[in-house]
Each structure stands twice: as structure tokens, then as C-alpha cells.
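> here is my input; please provide its structure:
(chains A and B)
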There are 2 protein chains.
Amino acid sequence: MLRPWNLLLKKRVNIDLDGPRYLQIAHGLIHEIERGRLLPGEYLPSSRDLAETLKVNRKTIVTAYEELIAQGWLASVGTRGTRVSTSLPEGDATNAPHLSAKSTGVSAETEYPFLPAPDRLLAIPAGKWRKLDEGVADGRLFPADLLARAYRKAAEGASRANALHYRDPRGSPRLRQEIASMLRRQRGLMVGAENICITRGSQMGVFLTARILIRPGDAVLVERLTYEPAVAAFRACGAKIVTVGLDEDGVDVADVERACRKHRVRAIFVTPHHQFPTTVSMRPERRLRLLELARQFAFAIIEDDYDHEFHFGAQPLLPMASYAPARVIYAGSMSKLLVPALRIGYIAAAPKVVDALAYQISLIDGMGNTVTEEAAAELLESGEVRRHVRKTAQIYARRRDAFARNLDSEMHRLIDYRLPDGGLAFWLQFKDMAALDRLEQRAPEIGLSFASSQSYAAEEGTERGLRIGFASLTEEEAKEVLQALRRCAEP
Amino acid sequence: MLRPWNLLLKKRVNIDLDGPRYLQIAHGLIHEIERGRLLPGEYLPSSRDLAETLKVNRKTIVTAYEELIAQGWLASVGTRGTRVSTSLPEGDATNAPHLSAKSTGVSAETEYPFLPAPDRLLAIPAGKWRKLDEGVADGRLFPADLLARAYRKAAEGASRANALHYRDPRGSPRLRQEIASMLRRQRGLMVGAENICITRGSQMGVFLTARILIRPGDAVLVERLTYEPAVAAFRACGAKIVTVGLDEDGVDVADVERACRKHRVRAIFVTPHHQFPTTVSMRPERRLRLLELARQFAFAIIEDDYDHEFHFGAQPLLPMASYAPARVIYAGSMSKLLVPALRIGYIAAAPKVVDALAYQISLIDGMGNTVTEEAAAELLESGEVRRHVRKTAQIYARRRDAFARNLDSEMHRLIDYRLPDGGLAFWLQFKDMAALDRLEQRAPEIGLSFASSQSYAAEEGTERGLRIGFASLTEEEAKEVLQALRRCAEP
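Below you'll find the model as predicted:
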């Protein structure tokens, strides 16, 4: 009775499975049948023999056999014993799945040949020493206990209200109300809760907007230096990307007009407040002209106002959505305000747009996380968000100035830059591309990572630069980082 | 100097804006310029006159003008005063945005003509009296303080570790490890963390899988009664949907083979453990034959194991992913386990598949919510999840039996049903379709909502039934609901 598969089985049933021993043995037998090492009609050892081989109680084997007979894998043949069910198809051992060297992992080899080689992830790779961002808030400044308390309150409240249930894909009614009120009072948008759709971060807002706007053959305009994940989202939704010019006053509107005469333009993606990545503000005349063109050629303006809160010089310009509410699809985020990992973004737009977005959400992820949305509503309603923004704006203003001083002392021979009026990042223009090449080549060697200078260029041949966030670095950290960048860039 | 626009302006600057008065006035002026009611080159009233009209301090008007000059909206013309910048294009009042009757809302009219009428949302509408689900856990049973404590710990921990930052689109390393370990130990899947991708609910897992698998012209097989949001996700990603048969033993494998000979089949969507919506388990011989066909015709099996935890009779069958790890893309969810609103799902698959999913995530929403993912990892690691499942499984077993008794007493004349071995729902087959029609027509009138019997049919002419979740209803609630259903269905 001791046949080779007994040894295999012995090995197999020792895999790391919880639960009663009889189930482990039953699972082991199923694996053997599936692999074709136990064939339909083949008799199994008697329960006594197998119990001896596996050093378990005979009752354990009997229970395992009974379970498998009930499930249809085995059949009892009266006094002749137990055999593999003859109604099963014959397995083929050559088709057995390959396990990776690590033995717990599923290997990819030979399977899914139709999957393309994965694209480069749209995320900054980890750095062993330090990962620089493109301008996000310093999560360390947000009091952990405030966040924890808001989450606690939200979790308890949601549970009490029996609200932990599937619901409106547009998001928590309370959070939509709070965001509409914030946009009305602080940014001049004429919106109510019916104009708001909650998303998981602003990227999702852009992706959803691309899904509802773009039909095959449609063009989307982007500035020649822009935000790569947005471009990738438009492309992924079938858009033809058309690049337009950009200078210190913002997007080149003459270029926009030319593009509209040549292509079926469905939308333009802009960041008028602080252009991504160059940080320039779009001047009023450009804004108004862009709106005129949008009306003339019937395209949508996707206004990503990703860091409205932080403006250090004059008061921020009003978002374009505040004076052209029915023409602009406005994307915002609470990530920059509080902590990136909160993953709360929103779209403000006409109800018709919000409805179309809601359908896409019901396709893609059903709805957002109630507890997180309620916690965010709690933080907005209690005024903690505004207090935190006011407090950190001062800290970030100091960090901006310190970063500029360090740029002056460490990198003045290598780069040009403009002090940003607002936002949380600097745009560094290299005087000599060879220095930038050296820098990008050597930085990984010292464990320093950041978004590639290539990532901002929407087309071949566009000038390259680096966008470095200053807000998440203390003055000391900034100095270290800039010294390291200099050393990498020097010949 | 008191011209008509002054009156408009007066009205405008009283909108519900926070911030200093001078900013409200500046915003009001921008709105007037954009609407074409203040034209380029037009002179503004003197600060003294406007201050008088608006009943504010003159200094306030001076500051507003200065702000707008700095931003480029206005220009100072020496002693002649202040005028609208001549570099601005002329606005056109006929293009002014329409505001909805509610005055704070953005209207949809005349804009976005290219948006299609929104599809019906893939969510059960709210019911004024009660909303029945298709089989979800009772969120009320999960101790609110456990959830709150896990969230609190996660929020504090994440903040301490400065982890509230953009990171791996595949999800929290700790949660991926915990889920891999659970799948290894409780479901016999040979997986490590590298095989796991965290998603926002299982729907997102299906959507992402559709995104990576489907090329134009590809067919996806679904059973003739199936899960509508999955079908919608496949369609939205360009798949041709091909329907195959289904009986008490699961999917009709002969039908699958026929479909493979006729179409370029890229994937089949199945729920082998408890078929959605009919609750039947797929028999072993069907499972093995389906795997053979998947190998022969090189298609992927998308196994949605949406409620593995709850099985009341025998032990649950192993997921197909446990014996064919490199052929099956396994979708699971923690929503059924704990609370639906947690929005944590996962895919277990070959690393190559996980990498492709990660790229889609970086396009769609960047990453998940760190705090929620850490809270879920905490609950898994501490054993709270297993304790909760064990405790609630007993409650749900009692609720199932009570539901069946109430079905027998209230609806035996109207329907047939089979006691489900597992899962959290009953599938009700109506003896007379006219009764079902009456029921569906009248239920909304009494404020009772549930998923439409049409929603399960993947093609015209398929039999209809109702899938009613029993787990989220106490015995008393179930009795009330079934009595109401009966009254609606009776002539």
C-alpha cells in the first residue's frame, strides 16, 4: 500500500494549514487528485494504513475520507474501500502549476502570456536613504491624536447609525456638504452637495473624468510640461494627447486655439493655481481666453486645484470653476491639506457630471470608505482642518525661504529657479543638462529617489527639470538633501 | 458713478464667502469681469464712492483694488483711477453660466451635451422603510469599539512611522502578509505577500482584472444568472459577454467548451463556492473540467470567493485557486467578514498579474488608504477577525434556519427555495412570474427596496428570481420583511 504518492501526500499535508488535521489531509488529497497523481477510480489506502504512514489517529483519516465523499471527490465502494470518484476528469501532471523557488509563491512562468510587460509604476520609487516628493504636506505635523480621535468618533458613530452598509457612490452626504461649504466660503464656487462627488484621491477624480468624457478619437490637451499620472489616465481611457505651449503666464492660448482647429478636443487638463510642475500661476487674461475657447469649441476644462490652500505671497487667485461653474470640472484633494494617505479627493461639477461619475464609481469600486469619509467630515466640521492649514502655512512659508537659501548656497552654479508664490514645491531648471544627467544617474547609488525629470515632459524634446517638494523637509533635512543633490550633479 | 453693475456687485459681494471683506469684494469684481458686465478698459468707481455704496471702510476697497492689480485683473492708470485691465479678452454676458433654482447649485443645462444619459447605478436604491441586501454581514454585530480601537492604533502607528505618505499601489505590506497567511492557512492557497494586491472592495478587484485581461474583441464567459456589477465591469472594459449554462452542480462545462470553440475567450467569471445568485456549489468534476478547458483554451478563471467564511453544513470546498494557482485569479473581500463599509478587497494571483494590477491602481486611485489597511491588518493579526467570524457564523446559522421557517410559513405558496449550505443569502424562485411582477411593482410603494430580479439575468429570457440576504436581519425583522413581501406578491 505504500505507493510513491503517499510520500508526496505526506509532504503535502504538512503544509502550513490551520484547522483540524483531518481537513489538512483532505486538502492534501484534493491537491493530489488535481495534479493527476491520484487518478479517477484509483483506490486509496485503507484508513488504518494511511493513519500509520502519516502518524495520525485512524479516526482522523476516516473523517477526512467522509468529508471528501460528501464533497464528491471520493466515492465509497462498499467493502472494497474508498476510491477517487470516477466522475472526475483525469488530471494531467504535466499541467501541474509551477511553484516559485520560495515555495509559497505562485510563479508567473508560462501563464498569462497575453499580459503585456507591466508599465513603469506611476509612483516615485522608494529611496533607501530618502524619497523626495513633488510637493506634499508633512504628515508629521498633523497631530496623530486628532486623526485618531476623528477616526474613533467616525467608527463609533457609523456603527451606531448602522451606516456601515453599501450606499451612495457619490460619497458620504455629510462630507459632500462640508466640502461644498468649504468651496463656497473659501474659494467662491457656487456649489451645493449635489455638485460634489467624493473620490479616492485626486487621481481618481481625473481618471473618472477621463472615463466619462472621452470617446474614441477624442483629443485631450495638456501643457508640454505636466502631470504624468493625469496624462496616463487620459491615454488609458483612449484619448489622443495633444501638447500645447506654456510660459511664465501659463498655458499658451493661441496654441490651444490652433489645436482646437485641428483636432476634436474634448478637454484640457490644467493646474492654473500653481502649474504642475513649473509652479507658475495662469494669468487672468489667459484664464478668460481659455474659457472663451472652451465655449467656442465645446470642450471641458479639467481644473486640478491640487494645493489651493498654500499661497505665501498675495491671496490666491479664484479657481476658474468659481466664475465658469458649468464649463469647468474641478478636481481637489484633502491629501495635501492633512496627510497624503487619507485618500480623499473630490470633483465639483454640474449634477449631470456628478451622476455620470457616480456610475463609473459603481463600476470601479462601488463606493468609498465610510469611516474615513466621516472622519474627514468631522475634521472639516470641527474647524481642525482650517486651524491646521493656518498653522502649517506659516511653517511651510519658513521652509520655503530656508529651501531657497539652501538652493542659493548649494546649487546656484547648477540651477535657476523662481521662488514659488504658493504650492509646496520648487521647479529646478538646470543650466547644463549634463549635470542633471549625472545627478539622476548617481542619486540612486546614495539611496536618494525622486520623480524622474522625464516624467514631466508630455512629449519628446521638452525641456527637463526637477520638481522637489520642500514642505515635508525640515530646514536641516533640506540642507542635507540639497548638498547630496549637488554632489551627485558635480562632475 | 452709480451705474447698474454697482447694484449687481453689491448683491454679488454678499455671497457666502469667508475671509476678509476686501477679498469678498475682489471676488465679486472678478465674477463681474468674467460675466462681461465689467468690460476691459472700463473705469471703476473711486474707492471712496464704492466704499459708500457697499457701506464698508474705504481702506477695504483700496486693499481689494490693490489685490486685483497685483493679480492682473485691474490696472492703475495714475491719477485717472483704476480700470479693468485692457489685456483681458471681452467677456460675453450671453455665455454667463446658468445657476440652478437653488442658487447655490451648478446647473447642467446646455453644458456637456456629449455626456450620455447616466446608466442605472449598480447599487440597490434606498428604501424608505427597509433596504434588503444580497447577502452581507450584519455590521451591527461587529463591536464598534474594536473597530474604533483598531483605527486609533493604526492612525497613531502610521503617524509615528511617518508612513502617511504615498507608497506601494499593491497596498500595505503588513496587510498583504496577513491576507496571504490567512489564505495559506485557512484556504490552502500557496501564496505569499508577493501574490496579493489590495483593492477597494472586491468590485475593484474584478474591474482591475478586466482592465488587464481584456483586449478589443475578447469574450468573457458568465453564467446565465450572475453578478451584474461584474458583467458591467467587463463590458465597460470592452469585453463581449457570452452567457453559459448553469444547473444545481454549477456551470455547464460543455457549454463552456462550445463557447471556447466559437469565441476568443479570455476569461470566465465564476463564484464556485456559493454561486451568485443561486447559492449552489460547483461540484468537483465541474471544477476540474473547467480547469482543463482553461488550460486548453488559455483563458483565465476569475474566481470571486465573496463569502468563503460562512458555510453551515460540511466544511467549505477549497477554492479553485488552491489547486490551480497559476490559472486562477482569485478575488476576495473583507467586507463580508467585518463591515461592508471597510472597503478592503484583494486579488491573489501570480506576481506578473499583481504587477499589472498595480499599474492600473497607479492610474486609477494611486493607492489605498493606509490607516484603513493598517487597521484591517491589526484586526487580522490580533485574531479579532477569526473570533468575530466564529461568533457570527453561529448567529447566521440560526438566522438562516429562522429565515427558512418564515419562508415556509409566509411564502410557501409563492416560491421554491433550497436551504443554502453556506453564504448569507437565499435564492427565491417564484412559481408564478405574475406574483414576482406584482411584488416588484408594489414593494417600492411600502418603502421596501432590493436588487431587481432583472439584475441577475445575463441575457434576455433568463429565468428571474430574488436573492435576499438573511444575515443582516434579526429573526423578527426577517418575519416582518417576508410578511411584507407576501402581501406585495398576493393578487
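
> my read is that A:Ser335 contacts A:Leu342, right?
Yes. If you go by C-beta atoms under 8 Å, A:Ser335 and A:Leu342 touch, sitting 5.7 Å apart. The C-beta positions use only the backbone N, C-alpha and C, and glycine is treated the same way.

> contact residues of the stretch 351-491 of chain A facing chain B?
Residues of the stretch 351-491 of chain A lying close to chain B (C-beta under 8 Å from any C-beta of the partner chain) are A:351-353, A:355-356, A:358-359, A:362-372, A:472.

> which of the three states applies to the closest residue to A:Gln441 other than its chain neighbours?
In space, and not counting its chain neighbours, A:Gln441 is closest to A:Cys488: 8.0 Å by C-beta to C-beta, 6 or more residues apart in numbering or on different chains. In three-state terms, and counting by DSSP: H, G, I helix; E, B strand; the rest coil, A:Cys488 is helix.

> for A:Cys488, what are its contacts?
Counting by C-beta atoms under 8 Å, 6 or more residues apart in numbering or on different chains, A:Cys488 makes contact with A:Arg438, A:Leu439, A:Gln441, A:Arg442, A:Ala443, A:Ile446, A:Leu448.

> what pLDDT does it get?
A:Cys488 is assigned 96 on the pLDDT scale.

> picking that back up, ok, and the most crowded of the contacts of A:Cys488?
A:Leu439 (24 neighbours; other C-beta atoms under 10 Å in any protein chain shown).

> now do the host helix or strand of it: everything it contacts.
Using DSSP states H and E, A:Leu439 sits within helix A:433-442. With C-beta under 8 Å, 6+ apart as the test, helix A:433-442 has contacts from A:Leu414, A:Phe430, A:Ser452, A:Ser453, A:Arg464, A:Gly465, A:Leu466, A:Leu485, A:Cys488, A:Ala489, A:Glu490, A:Pro491.

> ok, so of the contacts of A:Cys488, who is nearest chain B?
Comparing these against chain B with C-beta to the nearest C-beta places A:Leu448 closest, at 15.7 Å.

> what about the most far-flung residue of chain A relative to its centre, distance to chain B?
Distance to the chain centre peaks in chain A at A:Thr79, reaching 60.7 Å (criterion: C-alpha atoms, centre = their mean). Going from A:Thr79 to chain B by C-beta to the nearest C-beta, to the nearest Å gives 24 Å.

> so that residue versus B:Gly461, what's the distance?
A:Thr79 sits 50 Å away from B:Gly461, going by C-beta to C-beta, to the nearest Å.

> over to A:Asp247?
The spacing between A:Asp247 and B:Gly461, counted by C-beta to C-beta, is 62 Å.

> before we move on, what about A:Arg174?
As judged by C-beta to C-beta, A:Arg174 and B:Gly461 stand 44 Å apart.

> have a look at those two and say which one is more surrounded.
Neighbours were counted for A:Arg174 and for B:Gly461 using other C-beta under 10 Å; A:Arg174 has more, 18 against 7.

> does the nearest residue to that one once chain neighbours are set aside count as helix, strand or coil?
Nearest residue to A:Arg174, sequence neighbours excluded (C-beta to C-beta, 6+ apart): A:Ala377, at 4.4 Å. What three-state DSSP gives for A:Ala377 is helix.

> run a quick neighbour tally on A:Ala377.
The burial count for A:Ala377: 23, using other C-beta under 10 Å.

> tell me the contacts of it?
Counting by C-beta under 8 Å, 6+ apart, A:Ala377 has contacts A:Ala154, A:Ser172, A:Arg174, A:Leu175, A:Gln177, A:Glu178.

> got the domain ranges for chain A?
Per the record, chain A has its domains at A:9-95, A:130-137+A:387-489, A:143-382, by automatic domain parsing.

> okay if I get those domains as JSON lines plus distance to B:Thr86?
What follows is those, written out as JSON lines (distance: least, C-beta to C-beta, whole Å):
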{"stretch": "domain A:9-95", "distance to B:Thr86": "77"}
{"stretch": "domain A:130-137+A:387-489", "distance to B:Thr86": "24"}
{"stretch": "domain A:143-382", "distance to B:Thr86": "10"}
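
> winner for burial among these?
Among the domains of chain A, domain A:143-382 has the highest mean neighbour count (mean count of other C-beta atoms under 10 Å in any protein chain shown), at a mean of 23.

> average pLDDT across it?
For domain A:143-382, mean pLDDT is 90.

> coming back round to it: ok, then the element right after the helix holding A:Leu439?
Once the chain leaves helix A:433-442, the next helix or strand it forms, by DSSP H and E, is strand A:448-449.

> what strands flank that next one, and is each parallel or antiparallel?
Paired with strand A:448-449 in the same sheet, following DSSP bridges, are strand A:130-131 (parallel).

> the following helix or strand past the strand it pairs with packs against which elements?
Once the chain leaves strand A:130-131, the next helix or strand it forms, by DSSP H and E, is helix A:144-160. Counting contacts by 3 or more C-beta pairs under 8 Å, 6 or more residues apart in numbering or on different chains; DSSP states H and E, helix A:144-160 packs against helix A:370-381, helix A:384-411, helix B:144-160.

> now with 7 Å, please.
helix A:370-381, helix B:144-160 (3 or more C-beta pairs under 7 Å, 6 or more residues apart in numbering or on different chains; DSSP states H and E).

> out of these, nearest to A:Val481?
helix B:144-160 (22.2 Å; C-beta to C-beta).

> just give me how far the helix or strand that comes right after the closest one sits from the chain centre.
Per DSSP H and E, helix B:144-160 leads on to helix B:173-187 as the next helix or strand towards the C-terminus. When C-alpha coordinates are averaged (C-alpha atoms, centre = their mean, to the nearest Å), helix B:173-187 and its chain have centres 24 Å apart.

> elements contacting the next helix or strand after helix B:173-187?
Using DSSP H and E, the helix or strand that follows helix B:173-187 in sequence is strand B:196-199. Contacts defined by 3+ C-beta pairs under 7 Å, 6+ apart place strand B:196-199 against helix B:173-187, strand B:345-348, helix B:351-364.
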